[in-house]
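here you go, sequence then predicted model.
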Amino acid sequence: MPHAFTLKNASLVAALALLPITAIAQAQAPVTTLPEIQVQGATEQESATGPVQGYTAHRAASASKSDTALMETPQSVTVITRDQMIDQGATSIQEALGYAAGVRSDAYGIDSRTDSVRIRGASPDTYLDGLRQNFDYYTSTTRTEPYTLERLEVLRGPSAMLYGQGSTAGIVNMVSKRPQAEFQGEVGVSYGNHDRKQAQFDITGPVTEDGQWLYRIIGLKRDANTQVDYVDDDRTVFAPSLTWRPSAATSLTLQGLYQDDKSGSTAQFLPWAGMQTYNPNGRIPTRRFIGEPDHDRYDSERRSFGWLFEHRFNDQWAVSQGFRHARNKNDYFTTYADSFSTPGGWNEDPVNQRLIGRYGDDSKTRVRIDTLDQHLKGNLKTGAVQHDLLVGFDWTRYRRDKESGFNFSTIDAYSPVYGNYTAPDLATEPRFNQRQAGAYIQDQMKFGQNWIVVAGLRHDHARSGVEGSQTDKSSATSKRLGVMYAASNGWSPYVNYSESFTPVASTTVAGPNGDSIESYKPIRGEQYEAGIKHESADGKNLFTAAVYTLKEKNRLVNDPLNPLSSLQTGKTNTKGLELEWRGSPTRTIDVIAHYNYIAPDSELEGIPRHQAAAWGKYRFAIGNIQGFSVGAGTRWMSAFRDGNAPETGAVVLFDGMLAYDTAKWRYAINVNNLTDKTYIATCLSRGDCWYGARRSVIASATYRF
């Protein structure tokens with residue numbers, strides 16, 4: 001049976017990643033290893049925004065909008081630390097999330113336009129430093145550069161009580177690198193296959209001797225190709241930040257970002273026949289580009305400015321505010337395969353299956369996003385109950401101006417000849433606007449030493465629509481309740497209930513003749529979750545397990561009469577299980593492992609029922625030379641099917657890392673998809689399939705000072 005699986009199989013798959021490490025450990029047993037570094041009070045000194053040593057974080061802010069211990073958080077949260085991103089050589093958010101529980105990070109395979117991430121079967125919203133970052137699937141923002149981040153926090157499940165617009169899936173909150181009180185810096189270069197060349201720097205420290213002013217400057221330049229012909233992956237990033245601390249009670253951090261991406265679309269929307277099913281001409285190569293080299297592009301420019309402010313009035317009360325203004329330009333000129341007129345087939349050439357139709361879809365999009373979140377925090381005590389009270393207000397304004405054009409042509413998909421193409425004319429679309437304001441209150445209550453109750457309530461008002469049409473207005477009240485028992489032996493069972501409310505910042509063609517444009521309805525959802533967490537006495541190992549039931553209505557799905565558009569369906573019901581372990585079983589080995597099971601009442605696009613992954617790192621010495629480390633990982637997903645599409649086969653992928661660190665230098669080689677397996681990431685019921693990422697090899701050298 002395609003979905004048969006046991007915990008024994010899951011353990012076997014997870015153990016595969018550790019085999020190379022175990023072998024090396026045994027071979028190197030007589031060699032003197034690096035001495036253990038004792039860090040006094042590491043857990044107490046850790047914050048939800050600062051650096052973390054290793055892979056196991058103990059605190060996060062996404063689930064409460066305050067710096068809270070994970071063991072006191074009655075909800076599923078995964079933290080990907082900076083050290084993990086470095087060791088795994090993550091070049092995108094999608095890659096950084098490849099070993100996170102509850103996540104399918106490559107739901108659409110290799111896609112240069114966006115990070116195609118799914119959490120518990122749905123698309124999460126992305127936040128940066130607690131502020132909403134994206135609205136549209138593609139054009140509202142550029143892909144965030146992981147080099148600018150300190151950590152990633154994955155909050156699984158509806159989170160509208162805190163964020164208002166967090167989806168049913170939850171959120172991915174990216175935490176920026178921030179100015180540090182001690183001077184430190186690094187410069188690095190890397191080179192990889194697909195002619196990838198990159199240079200970056202990161203410098204931080206005090207501006208003044210008294211430490212009132214701190215700075216950080218991050219820069220990156222990349223020139224690269226991709227596994228698809230004629231598609232580049234070039235990037236320029238400049239991210240300065242400045243912190244002012246006039247006293248121990250007040251902090252203001254100003255943040256700026258300029259990012260310019262010159263790329264194209266690796267997504268070719270190729271048909272089932274030639275990808276996953278029989279085609280008389282064989283399989284279409286993974287490098288195949290059926291667009292127009294001198295025309296197609298996916299170029300985006302992002303400029304943003306904002307601040308993070310906090311002031312503590314006394315030991316009990318503090319106020320925080322975050323604000324960001326962002327402008328994004330996106331030129332998306334693409335010519336992609338018509339796999340939809342005859343789903344999965346060749347409508348223009350049904351016999352020979354060589355000549356394929358191409359949709360020409362060009363657009364110029366200009367987006368402005370303003371986000372504000374401010375809250376008052378109180379640390380109070382009433383009798384035997386300790387309260388961490390949060391009262392806040394957030395506001396978002398989104399505006400989109402767009403020009404677009406559409407046409408149709410054909411090309412030989414197996415022997416393409418480029419140049420015989422006329423680009424479509426662009427027409428101006430009506431401006432789209434969306435605004436949302438929400439007020440919320442949350443109380444984290446601790447009864448004695450063990451019982452923790454988190455309760456919250458929020459009310460939102462949202463308005464959206466296109467100019468010249470009726471504005472859609474909606475409001476919602478969202479609730480949250482969580483109960484946890486934090487036992488003295490390190491075990492913390494919990495239950496929670498949460499809801500979601502998500503206005504959709506997009507439009508659809510409507511009317512009897514498809515002659516009008518209407519806004520989508522808000523997506524609503526609710527979740528029941530039960531779980532348990534365990535932290536070892538030394539804080540080096542963290543285990544979490546969770547089961548959940550997730551209900552949603554008004555989800556966007558493909559329109560069967562127009563595969564390039566979407567409809568909103570009725571209700572869905574999804575159940576799942578997640579297991580995750582992060583720890584250090586010995587002083588020289590660090591391990592990450594997870595297993596996911598998801599069982600929807602209807603098939604979810606791009607989601608297998610079973611996933612497992614494990615990554616391990618082993619530090620060792622050769623002779624008297626210390627500083628070596630090796631990493632190995634395994635990612636596995638079961639076979640699955642999207643509607644009437646061909647089955648997407650089960651896949652096992654291997655990743656590896658070899659590094660050498662000195663006091664000043666780090667040299668590393670990272671390899672993803674070690675065996676260069678050609679695989680299909682997903683085949684969709686509308687008619688197209690998507691290739692997964694081929695082997696990536698990157699060698700890097702970093703100098704720290």
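Noted; the coordinates are in hand. Numbers count the residues shown, from 1 in each chain.

which residues of the protein fall in helices?
7-16, 19-27, 42-45, 82-87, 93-96, 160-163 (DSSP state H).

who does G465 bridge with?
Going by DSSP bridges, G465 is paired in beta bridges with N433.

so what's it up against?
Residues near G465 by Cβ atoms under 8 Å, 6 or more residues apart in numbering: F432, N433, T471, D472, S519. C-beta coordinates here come from the backbone N, C-alpha and C atoms, glycine included.

does the fourth one really touch H461, like I thought?
No. In this structure, D472 sits apart from H461 without contact. The criterion is Cβ atoms under 8 Å, and the distance is 11.8 Å.

ok, the residue nearest to S700 when sequence neighbours are not counted - contacts?
In this structure, S700 finds its nearest non-sequential neighbour in S190, 3.8 Å apart by Cβ to Cβ, 6 or more residues apart in numbering. By Cβ under 8 Å, 6+ apart, S190 lies in contact with R196, K197, Q198, A199, I698, A699, S700, A701.

now H311
By Cβ under 8 Å, 6+ apart, H311 lies in contact with A249, T250, S251, A318, V319.

let's see 7 Å
Applying Cβ atoms under 7 Å, 6 or more residues apart in numbering, we find H311 in contact with A249, T250, A318, V319.

out of these, which one sits closest to V495?
Proximity of those to V495 was ranked by Cβ to Cβ; the top entry is A318 with 29.5 Å.

surely that closest one and T250 touch.
No. Applying Cβ atoms under 7 Å, one finds A318 not in contact with T250, separated by 10.0 Å.

CA-only coordinates of stretch 410-418, as CSV, when you get a sec.
Below are the C-alpha coordinates for stretch 410-418, written out as CSV (Å, rounded to 0.1, in the frame of the first residue of the first chain):
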residue,chain,number,x,y,z
THR,A,410,4.1,27.3,-29.3
ILE,A,411,7.5,25.7,-29.1
ASP,A,412,9.2,22.3,-29.5
ALA,A,413,9.8,21.3,-25.9
TYR,A,414,12.4,18.7,-26.9
SER,A,415,14.4,20.9,-29.3
PRO,A,416,13.4,24.5,-28.6
VAL,A,417,14.2,27.3,-31.1
TYR,A,418,14.0,30.7,-29.5
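
tell me the buried residues in it?
I411, A413, Y414, P416, Y418 (16 or more other Cβ atoms under 10 Å).

okay, the first one and V483: tell me how far apart.
Separation of I411 from V483 (Cβ to Cβ, to the nearest Å) stands at 59 Å.

same thing with the second one?
Between A413 and V483 the distance, using Cβ to Cβ, works out to 56 Å.

burial of I698, as a residue count?
When neighbours are defined as other Cβ atoms under 10 Å, I698 has 19 of them.

quick check, pLDDT for L19.
Here, the pLDDT recorded for L19 equals 37.

tally of neighbours for M657?
When neighbours are defined as other Cβ under 10 Å, M657 has 20 of them.

could you list every residue that touches the closest residue to H387 other than its chain neighbours?
Of all residues not flanking H387 in the chain, L380 sits nearest, at 4.4 Å (Cβ to Cβ, 6+ apart). Going by Cβ under 7 Å, 6+ apart, L380 touches Q316, H387, L389.

got those residues as a markdown table, with neighbour count and pLDDT columns?
Shown next, in a markdown table, are the contacts of L380 (neighbours: other Cβ atoms under 10 Å; pLDDT from 0 to 100):
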| residue | neighbour count | pLDDT |
| --- | --- | --- |
| Q316 | 12 | 95 |
| H387 | 14 | 97 |
| L389 | 18 | 97 |
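
from the residues you listed, which is closest to M85?
L389 (34.1 Å).

on that earlier part again, turn the contacts of H311 into CSV, including pLDDT and distance to V175.
Output for the contacts of H311, formatted as CSV (pLDDT from 0 to 100; distance: Cβ to Cβ, whole Å):
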residue, pLDDT, distance to V175
A249, 96, 22
T250, 97, 21
A318, 97, 19
V319, 97, 20
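
report the buried members of these.
Using 16+ other Cβ under 10 Å as the burial test, these include A318 as buried.

tell me the one of the contacts of H311 nearest R235?
Within the contacts of H311, the smallest distance to R235 is 35.4 Å, found for T250 (Cβ to Cβ).

in contact with the closest one, which residues are there?
H311.

quick check: bridge partners of it?
Going by DSSP bridges, T250 forms beta bridges with S247, H311.

in stretch 47-59, what's buried?
Judged by neighbour count (16+ other Cβ under 10 Å), stretch 47-59 contains these buried residues: A48, T49, G50, V52, G54, Y55, T56, A57, H58, R59.

want to throw the residues you listed into JSON lines with distance to A337 and pLDDT?
As requested, these are exported to JSON lines (distance: Cβ to Cβ, whole Å; pLDDT from 0 to 100):
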{"residue": "A48", "distance to A337": "45", "pLDDT": "94"}
{"residue": "T49", "distance to A337": "44", "pLDDT": "94"}
{"residue": "G50", "distance to A337": "47", "pLDDT": "92"}
{"residue": "V52", "distance to A337": "44", "pLDDT": "93"}
{"residue": "G54", "distance to A337": "45", "pLDDT": "93"}
{"residue": "Y55", "distance to A337": "40", "pLDDT": "96"}
{"residue": "T56", "distance to A337": "44", "pLDDT": "95"}
{"residue": "A57", "distance to A337": "43", "pLDDT": "95"}
{"residue": "H58", "distance to A337": "48", "pLDDT": "96"}
{"residue": "R59", "distance to A337": "47", "pLDDT": "96"}
